[in-house]
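Enquirer: The following block contains a protein sequence and its predicted model.
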Amino acid sequence: MTAADVGDQLVGAFENPGLLLGIPLALAGAVFMSFGAQYQYRGVAKVERLSGTAGTTGLSVGQLKHLLTRPSWLIGTLMLGLAIVCQLAALSVAPLMVVQPLGAIALVITTLLNAHISGHTPTKKSLIAIGACVGGIFIFVFFAAIFATEQEIADRELFTILAILLVVIIVLGGCWLILRHRMRALFYVVGAGILYGFVATLAKAVIKRVQAGEFDWVTLVCVIALVAASAVGAYFVQTAYSSGPPDLVIAGLTVVDPMVAVLIGMLVLGEAAAAPGWALICFGIAGAIAIWGVVSLARYHPQVLSESQDLGIPRGSGDSAQAPESSTDSYGPGVERSDQ
């Protein structure tokens, strides 16, 4: 394939009215996601402080009930609901491989919000990590926009996705039961990202089947699996807020979620069937860059270092080690935590 052929495909891709509508919807969802994450993080932190118990090994039933009384958490949940609506609307008109990666914009917004609220100014190393997350994902979506094609989702593909999801839930549940006292933000973020990748894929399948008038028992099973995976993923996200800053949580979600969804789209649904070998190599390199960014952010995030969070990976050093010490609350020196 020549450079001219690639250029023609790129122009043709963005002449697709579904993409022209789906991309703005996905970007709007990213904005709602970033604000929703910040508000939910604030609510979780407040509940932890009031209960006197950290939720790093899993939020208790009592803490979950108290979340329902926190205005900030409820506002965040509403915003995340709007993000989901935007994402589902985008999925209804654009390929999964294009819609999912655009959520990376939420990482940039969340980083700016958290820096303003917490007082933890991003360091050079953390900014490089964030750039790797966003850059890797956008390289990915660039090639996806060229080569991604919509495919009919047959019952066989749905059964394959459901079977894989069942195995994933069993593995994640087993790890949580056995190792939860050792788990920190990265486990919960990765677990939630994997589950949300399946949620996005199942949502796409359900939308397409409903549009085709095929709401049968298979579709109902997909809806049940979608709700179950969403619930477990949401629990993991709330627990991740107990052991990591919101931009670290969003970084993991906006990388792992689209990676899983895209892998399913490529390997199960055949959305990348028209992609040449060199494009698949580019997908892999872009994904590796984004994943490296998440791990690096976990090492060098100034708030993580300041609060001495044990993420089970080597600590950062250098300029990030000079982050200011945390005050009595986790929002940073001289910054009062909101009582919402």
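Expert: Structure's in. What do you need? Owing to the predicted nature of the structure, the values given are computational and were not obtained by experimental measurement.
Enquirer: any idea how far residue 257 is from residue 46?
Expert: Separation of residue 257 from residue 46 (CB to CB, to the nearest Å): 26 Å. Every C-beta, even on glycine, is put in place using the N, C-alpha and C of the backbone.
Enquirer: For the two, work out which one has more neighbours and name it.
Expert: Ranked by neighbour count (other CB atoms under 10 Å), residue 257 and residue 46 place residue 257 first, with 25 against 21.
Enquirer: Thought residue 191 was touching that one, still the case?
Expert: No: in this structure, residue 257 is not within contact of residue 191 by CB atoms under 8 Å, at 11.1 Å.
Enquirer: shared neighbours, these two?
Expert: Counting by CB atoms under 8 Å, 6 or more residues apart in numbering, no residue touches both residue 257 and residue 191.
Enquirer: What residues does residue 192 make contact with?
Expert: Residue 192 touches 233-234, 236-237, 240, 252-253, 256-257, counting by CB under 8 Å, 6+ apart.
Enquirer: Burial check on the closest residue to residue 290 other than its chain neighbours, number of neighbours?
Expert: Ranked by CB to CB, 6 or more residues apart in numbering and with sequence neighbours excluded, the top spatial neighbour of residue 290 is residue 136, at 3.0 Å. Residue 136 has 24 neighbours, counted by other CB under 10 Å.
Enquirer: Report the separation between residue 136 and residue 286.
Expert: Taking CB to CB, one finds residue 136 at 5 Å from residue 286.
Enquirer: Could you do residue 128 as well?
Expert: Distance from residue 128 to residue 286, by CB to CB: 16 Å.
Enquirer: now swap in residue 86 and tell me
Expert: The gap separating residue 86 from residue 286 is 24 Å, by CB to CB.
Enquirer: Check residue 160 too.
Expert: To residue 286, residue 160 is 25 Å away according to CB to CB.
Enquirer: who has more neighbours, these two?
Expert: Taking neighbours as other CB under 10 Å, residue 160 and residue 286 compare with residue 286 leading, 22 against 15.
Enquirer: Contact partners for the more buried one?
Expert: Counting by CB under 8 Å, 6+ apart, residue 286 makes contact with 136-137, 139-140, 143.
Enquirer: and it, what pLDDT?
Expert: Here, the pLDDT recorded for residue 286 equals 86.
Enquirer: secondary structure element for it?
Expert: helix 277-300 (DSSP states H and E).
Enquirer: what's the distance between that helix and the middle of its chain?
Expert: With CA atoms, centre = their mean, to the nearest Å as the basis, helix 277-300 stands 15 Å off its chain's centre.
Enquirer: Next, the buried residues of it.
Expert: Neighbour counts over helix 277-300 (16 or more other CB atoms under 10 Å) mark 279, 282-283, 286-287, 289-291, 293-300 as buried.
Enquirer: Great, nothing more from me.
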